[in-house]
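Asks: Need a 3D model of the following:
(one chain, ligands or ions: 1)
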Amino acid sequence: MKFLITGGAGFIGSYLSEKLLAEGHEVIALDNLSTGTQENIAHLTKNSSFHFVEGSVMDKEILSKSAEGVQGIFHLAAAVGVKFVMENLVTSMEVNVKGTENVLETALKLGGIKVLITSSSEVYGKSSKKRFHEEDDLIIGPPHKFRWSYATSKLLDEFLALSYHAERNLPVTIVRLFNICGPRQTGRYGMVIPRFVRQALKGEPITVYGSGKQLRSFAHVKDAVEGMAKLMLEPAAEGKIFNLGNPRGITIEELAIKIKEMTRSKSPITYLPYEEVYGPHFEDLMYRVPDINHAKAVIGFMPRYHLEDILTETVEYFRSK
Ligand code: UDP
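Replies: Presented below is the predicted three-dimensional model:
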């Protein structure tokens with residue numbers, strides 16, 4: 001089959017490209033290289049089934065050309081990372097909302113191409129539930145706390161996609177990704193694992209934001225793309241939302257200690273108030289662990305990698321760099 005991946009040169013997009021190519025498919029990777037990189041896809045460019053197109057999802061013409069003749073669109077192009085979003089508020093909202101609208105419109109115009117929309121666990125907002133379920137009510141903070149603009153834009157994407165499905169019969173599936181990590185992820189946009197690993201290896205302070213008691217669950221990017229590839233081909237997934245992540249939680253403080261121990265680093269662990277890092281209009285979320293039973297029931301989703309695998313591979317990656 002032939003697939004379009006928007007954001008195909010991004011961290012997750014590059015792994016998804018790899019996975020689809022390994023399964024014998026043809027891949028068009030559309031990316032404007034704003035946060036994606038040529039380096040992410042350098043190892044794929046020799047494969048004759050891989051085609052890179054430099055362009056944006058904001059450009060309907062290039063999007064339409066890239067989507068011609070494909071059987072599915074994985075829509076990953078979006079603003080990435082809390083740090084990036086806080087520093088690019090308008091662009092982030094625009095790309096997430098207009099970009100998704102363009103993708104859905106294009107898919108419909110070209111005869112109803114199946115679209116997999118990547119949403120985010122951010123949409124669960126400030127829920128304090130032990131495990132987040134796809135049918136939970138969502139608790140998002142007020143608009144003057146800008147962090148929530150990202151969750152709101154992703155939620156709008158979900159509504160839009162499900163509306164295209166309900167009213168115009170467009171086959172869509174939505175995934176909510178939970179802290180996806182692995183080699184090639186950069187800490188430039190705020191992601192905690194590459195940041196801590198880099199800091200530990202360089203002997204710099206490991207910077208825990210807030211109390212460090214906030215809980216996260218980290219999933220290997222290879223598990224995430226496996227789930228995405230299966231959902232794309234599963235008719236029973238159409239019109240539905242799926243959490244994709246690893247249900248094992250860890251606090252950020254524990255994560256810092258683990259990385260320090262693994263790397264035998266002498267780095268001190270320091271605590272920084274959120275305000276100092278992201279300014280006064282920020283609010284973090286204390287819990288974020290997925291219930292993955294929906295994906296398990298429909299595609300047999302079960303993560304194969306543990307946090308220790310992610311950390312070992314990420315440490316190796318940064319050491320080799
Ligand atoms: N974090 C941290 N130090 C850093 C970067 C992030 O303590 O240098 C924290 C961040 O505040 C959040 C958690 O680590 O509570 C995960 O952050 P990330 O940006 O990776 O993902 P999020 O879950 O916030 O989307």
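Asks: got the CA coordinates for stretch 165-182 in PDB?
Replies: The C-alpha trace of stretch 165-182 is given here as PDB (Å, rounded to 0.1, in the frame of the first residue of the first chain):
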ATOM      1  CA  HIS A 165     -16.700  10.700  10.000                       C
ATOM      2  CA  ALA A 166     -20.300  11.200  11.300                       C
ATOM      3  CA  GLU A 167     -21.600  13.600   8.600                       C
ATOM      4  CA  ARG A 168     -19.400  12.900   5.600                       C
ATOM      5  CA  ASN A 169     -18.500   9.200   6.100                       C
ATOM      6  CA  LEU A 170     -14.800   9.900   6.100                       C
ATOM      7  CA  PRO A 171     -13.000   7.000   7.600                       C
ATOM      8  CA  VAL A 172     -11.000   8.400  10.500                       C
ATOM      9  CA  THR A 173      -9.300   7.000  13.600                       C
ATOM     10  CA  ILE A 174      -7.900   9.100  16.500                       C
ATOM     11  CA  VAL A 175      -4.900   8.200  18.700                       C
ATOM     12  CA  ARG A 176      -4.000  10.000  21.900                       C
ATOM     13  CA  LEU A 177      -0.300   9.600  22.400                       C
ATOM     14  CA  PHE A 178       1.200   9.400  26.000                       C
ATOM     15  CA  ASN A 179       4.800  10.700  26.300                       C
ATOM     16  CA  ILE A 180       6.400   8.800  23.400                       C
ATOM     17  CA  CYS A 181      10.200   8.500  23.700                       C
ATOM     18  CA  GLY A 182      13.300   6.900  22.200                       C
END
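Asks: Flag every buried residue along that stretch.
Replies: Residues of stretch 165-182 classed as buried by neighbour count (16 or more other Cβ atoms under 10 Å): 165, 170-182. Placement of C-beta: from N, CA and C, glycine included.
Asks: which non-adjacent residue is nearest the residue of the stretch 1-150 of the chain found nearest the ligand?
Replies: Relative to the ligand, the nearest point of the stretch 1-150 of the chain is residue 82 (4.4 Å; Cβ to the nearest ligand atom). With Cβ to Cβ, 6 or more residues apart in numbering as the criterion, residue 82 has its nearest non-adjacent residue at 4.4 Å, and that residue is residue 190.
Asks: tell me the contacts of that neighbour?
Replies: Residues near residue 190 by Cβ atoms under 8 Å, 6 or more residues apart in numbering: 81, 82, 83, 84.
Asks: got it, and residue 3?
Replies: For residue 3, the contact set (Cβ under 8 Å, 6+ apart) comprises 20, 25, 26, 27, 28, 70, 71, 72, 73, 74, 232.
Asks: Run a quick neighbour tally on residue 300.
Replies: Counted by other Cβ atoms under 10 Å, the residues lying close to residue 300 total 9.
Asks: circling back to that earlier point, separate out the buried members of the contacts of residue 3.
Replies: 20, 25, 26, 27, 28, 70, 72, 73, 74, 232.
Asks: What about these, which are in strands?
Replies: 26, 27, 28, 72, 73, 74 (DSSP state E).
Asks: Nearest to residue 46, out of those residues: which one, please.
Replies: Minimum distance to residue 46 across those is 13.3 Å, recorded for residue 27 (Cβ to Cβ).
Asks: Show me the beta-bridge partners of that closest one.
Replies: Under the criterion DSSP bridges, residue 27 forms beta bridges with residue 3, residue 50.
Asks: Return the residues in contact with the residue of the stretch 201-321 of the chain at minimum distance from the ligand.
Replies: As assessed by Cβ to the nearest ligand atom, the ligand sits closest to residue 209 within the stretch 201-321 of the chain, at 3.6 Å. Contacts here follow Cβ under 8 Å, 6+ apart; on that basis residue 209 touches 252, 271, 272, 273, 274, 277, 284.
Asks: A strand includes the second one, no?
Replies: Yes. The assignment for residue 271 by DSSP: H, G, I helix; E, B strand; the rest coil puts it in a strand.
Asks: dump the residue contacts of residue 23.
Replies: Contacts for residue 23 (Cβ under 8 Å, 6+ apart) come out as residue 229.
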